[in-house]
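Asker: got a structure for you, letters missing:
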């Protein structure tokens, strides 16, 4: 009784990476019930899929979604000037309600650009959860913890972090899952890192952390611990399959192997790394060799400045080709894998492909678009040629969230108005 | 009586780089007649500009537009394998009609992504001119000449090249201008280069050439001429203000100074350079120091694979920041300058800004979009956050070419059908 999409093409991302033509997709509840020719079951919504491609929902594994509020507010500046001078003073002024509107705006942007799920860490996360619940997207959320070696602060941070997991994990019909997010090895004590891990195991949830995003971190880590960041995290027993390590751009081959051996997942954030001029480039070929589950993240809007995973796939591939002087590095199929099935696997979700029994998370792309023709190579067109103008509809958790470019679940105009009001207060006084 | 846009915001790109709010734009013929509050003149078309931003038409200074036909056909391959194995054999099969449909598709893609003018070189250029005339875009076109030191071939190439200039320069009410395009120093004899220059002066038109796109070219040039490509072009007297040099990624500081001293214009093609893993990066800071007029190009769809100048601006800035480990390099305002006023200046057009008396070439962007809010910095949002979904309308040469995302001048469906038919024949047998 869900949604029936008739005569659609499908980028299945199944194990054989099949592309199906002119088939029907029936969703039932939040699952894909049936894929085949001439599906005759009745459905509540019927979508004409002719000329459209069903693409598995993209999974954005690193963001700070509410930072859309600061979009364009600290660009073309050095990281160590932009954050202390522009962002941190404004973040201090952030109120719960601001985060709600910023998160709502970011969710809208992600839905319009094909993303059905994101992993996020920031603060006032109950407001992000509220936005996620209302708009109908899927998310893994964590309160971002920092203790700077202060035991009092640590206790408070862990309380907030665990409180959030207790209150929100599994909420919104399971669309919201939670995680623990100690910010980074250079802002979190060993105790906070290990306690986070212990709590993640206790609640059976994931961990998010920033790792080796800048060269400075590596020097500081060597000075403080006599070890590079990944070596340090490994030495204290932090790494493992629950961990999503964001960035990993300044890491050695030895560190890549450490990540691989412990099953740690990596969120590759090419646009952010380039925008902030981090200098390092995630060693994707070495990570592939070490069988690391590589995924894509946009990072927050201050360091990107969009939350567009289609762009991230392309720039991610371009950066690898340019860096390695080899056009074969990170090919289109690998980029799609990172953004779909790898993202889903890393977040332990039964999605990432359009296959019977999987969660019904997918976008519809209009193939008859000037930038997507001819169809010499559909996967290549998706990665290297598509943009958000091609996405017409979005189904998340079996519900039609966007139809013909209109998000159905919320009042778009109201979000725009409130975001402008909040930004007016935050950044223009 | 032209077009009246009421209550619009304007990214003027005038000498003070002003942004105007809530003003009216009146176009008359192919010019911008009046900009101001409460313009009362009557107009044939009236556009409600509320919530929209008028952006000067983007100028794409390097493309092979008909190569959209091969989009996705030679990706993730090494340049020296992709072209000989995939592209050249197919180009041999190209017929005039194919080029027409490929060009039409590429023009549609450019219009949808904010480009009002492009500089192009390929073959069957009369077909490209036909598409340009029909769809209503502006273009500088050249037949791409290669002689490989063969005098007979040279004579023929120059005949075709000059014939094209004679037949098409100034056509389509001046929307089409022409140029001479000797392909590159490594495919063209000294005689062809110098004769091209002589003819360009005779006909008072521009020159297009590929320069130092790959490292191999530099080695080959050193071997053959004892000089690097720019040094060689300078030594034979080829450089000058008429020349648009595409790529320039493997050039020394000395070569940058040579380009600057001779007033040669550069087309920076970041996406293509990354996609083909050229390795080199155009030395933009040095070029700025040498006061070179830097512009942006997409290159053909085989090496990009889109013709999206919004993306090119962003990737162009990202690549410079990443390469120089400095987020301040190539800021948003500079990127917009490259894509608008510099492009127009390089092509000797009276456009590139929204100012009374200039050609009426502009797009309208919907500012109330999830990816363009809040408006902390409009220029930054344009460069780092916009995508083609934000562009609703396009005015080129004073005519409304696209209204509410529909191109008015041609039958879009017919183009799609024919492109698929052509690609079917070309790439799938």
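Answerer: That came through, no problem. As the structure is a computational prediction, the values presented were derived from the model and not from experiment.
Asker: The nearest residue to residue A:262 once chain neighbours are set aside: neighbour count?
Answerer: Once flanking residues are discounted, residue A:262 sits nearest to residue A:239: 3.8 Å by CB to CB, 6 or more residues apart in numbering or on different chains. Where you see a C-beta, it was placed from the backbone N, CA and C, and this is true even at glycine. Using other CB atoms under 10 Å in any protein chain shown, the number of residues around residue A:239 comes to 22.
Asker: where does the residue sitting nearest the centre point of chain A sit relative to residue B:306, distance-wise?
Answerer: The centroid of chain A falls nearest to residue A:60 when counting by CA atoms, centre = their mean (1.7 Å). As judged by CB to CB, to the nearest Å, residue A:60 and residue B:306 stand 21 Å apart.
Asker: Report whether the helix or strand bottoming out on mean pLDDT in chain A contacts chain B.
Answerer: Here the helix or strand of chain A ranked lowest by mean pLDDT, DSSP states H and E is helix A:79-82, holding a mean of 90. Yes: using CB under 8 Å from any CB of the partner chain, helix A:79-82 reaches chain B at A:79, A:82.
Asker: cool, and stretch A:334-354?
Answerer: No: counting by CB under 8 Å from any CB, chain B has no neighbours in stretch A:334-354; the shortest distance is 9.0 Å.
Asker: Pull the distance from that stretch to the chain's centre.
Answerer: Between the centre of stretch A:334-354 and the centre of its chain there are 11 Å (CA atoms, centre = their mean, to the nearest Å).
Asker: Quick check: mean pLDDT of it?
Answerer: Mean pLDDT, computed over stretch A:334-354, is 98.
Asker: And stretch A:274-290, end to end?
Answerer: Stretch A:274-290 has an end-to-end distance of 24 Å (criterion: CA to CA, to the nearest Å).
Asker: ok, so what distance separates the residue nearest to residue A:299 when sequence neighbours are not counted from residue A:297?
Answerer: Spatial nearest neighbour of residue A:299, excluding adjacent residues (CB to CB, 6+ apart): residue A:272 at 3.4 Å. From residue A:272 across to residue A:297, the span is 8 Å (CB to CB).
Asker: who's more crowded, these two?
Answerer: Ranked by neighbour count (other CB under 10 Å), residue A:272 and residue A:297 place residue A:297 first, with 32 against 27.
Asker: Enumerate every residue touching the more buried one.
Answerer: Contacts for residue A:297 were tallied using CB atoms under 8 Å, 6 or more residues apart in numbering or on different chains; they are A:60, A:61, A:62, A:63, A:119, A:246, A:267, A:268, A:269, A:272, A:312.
Asker: Among those residues, which one is most surrounded by other residues?
Answerer: residue A:269 (33 neighbours).
Asker: Now do the contacts for it.
Answerer: Residues in contact with residue A:269 (CB under 8 Å, 6+ apart) are A:62, A:246, A:247, A:296, A:297, A:298, A:299, A:312.
Asker: and these as CSV, adding secondary structure?
Answerer: Shown next, in CSV, are the contacts of residue A:269 (DSSP: H, G, I helix; E, B strand; the rest coil):
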residue, secondary structure
A:62, strand
A:246, strand
A:247, strand
A:296, strand
A:297, coil
A:298, coil
A:299, coil
A:312, helix
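Asker: got JSON lines for the residues you listed, with pLDDT too?
Answerer: Putting those into JSON lines (pLDDT from 0 to 100) gives the following:
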{"residue": "A:62", "pLDDT": "98"}
{"residue": "A:246", "pLDDT": "98"}
{"residue": "A:247", "pLDDT": "98"}
{"residue": "A:296", "pLDDT": "98"}
{"residue": "A:297", "pLDDT": "98"}
{"residue": "A:298", "pLDDT": "98"}
{"residue": "A:299", "pLDDT": "98"}
{"residue": "A:312", "pLDDT": "98"}
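Asker: show me where the stretch 201-350 of chain A has strands.
Answerer: Assigned by DSSP state E, counting those that start in this stretch, the strands in the stretch 201-350 of chain A fall at A:206-211, A:243-247, A:265-268, A:294-296.
Asker: can I get those in a markdown table with distance to residue A:26?
Answerer: Converted to a markdown table, the strands of the stretch 201-350 of chain A look like this (distance: least, CB to CB, whole Å):
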| stretch | distance to residue A:26 |
| --- | --- |
| strand A:206-211 | 31 |
| strand A:243-247 | 33 |
| strand A:265-268 | 32 |
| strand A:294-296 | 29 |
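Asker: looking at those strands, which is buried most?
Answerer: Among the strands of the stretch 201-350 of chain A, ranked by average contacts under mean count of other CB atoms under 10 Å in any protein chain shown, first place goes to strand A:265-268 (a mean of 29).
Asker: and residue A:232, how far is that from residue B:255?
Answerer: In terms of CB to CB, residue A:232 sits 45 Å off from residue B:255.
Asker: Also residue A:285?
Answerer: Distance from residue A:285 to residue B:255, counting by CB to CB: 32 Å.
Asker: again with residue A:423
Answerer: With distances taken as CB to CB, residue A:423 is found 45 Å from residue B:255.
Asker: before we move on, back to that, next, the buried residues of the least confident helix or strand of chain A.
Answerer: Neighbour-count burial for helix A:79-82, counted by 16 or more other CB atoms under 10 Å in any protein chain shown, picks out A:79, A:82.
Asker: Check which helices and strands that helix sits against.
Answerer: Of the remaining helices and strands, none touches helix A:79-82 by 3 or more CB pairs under 8 Å, 6 or more residues apart in numbering or on different chains; DSSP states H and E.
Asker: got a list of contacts for it?
Answerer: A:74, A:75, A:214, A:216, A:276, A:277, A:278, A:302, B:327.
Asker: Need phi/psi at residue A:329.
Answerer: Backbone torsions of residue A:329, given as degrees, to the nearest 10, read phi -70, psi 140.
Asker: domains for chain A, by residue range?
Answerer: Here the domain parsing of chain A from automatic domain parsing is A:3-56+A:354-407, A:58-346.
Asker: can you list those domains in CSV and add distance to residue B:176?
Answerer: CSV is the format used below for those (distance: least, CB to CB, whole Å):
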stretch, distance to residue B:176
domain A:3-56+A:354-407, 21
domain A:58-346, 32
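Asker: May I see the buried residues of the host helix or strand of residue A:152?
Answerer: Take DSSP states H and E as the rule and residue A:152 turns out to sit in helix A:151-168. For helix A:151-168, burial by neighbour count (16+ other CB under 10 Å) applies to A:154, A:157, A:158, A:161, A:162, A:164, A:165, A:168.
Asker: what is the rounded mean pLDDT of that helix?
Answerer: Helix A:151-168 carries an average pLDDT of 98.
Asker: could I get the strands of the stretch 201-350 of chain A as CSV with distance to chain B?
Answerer: CSV is the format used below for the strands of the stretch 201-350 of chain A (distance: least, CB to the nearest CB, whole Å):
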stretch, distance to chain B
strand A:206-211, 18
strand A:243-247, 14
strand A:265-268, 14
strand A:294-296, 15
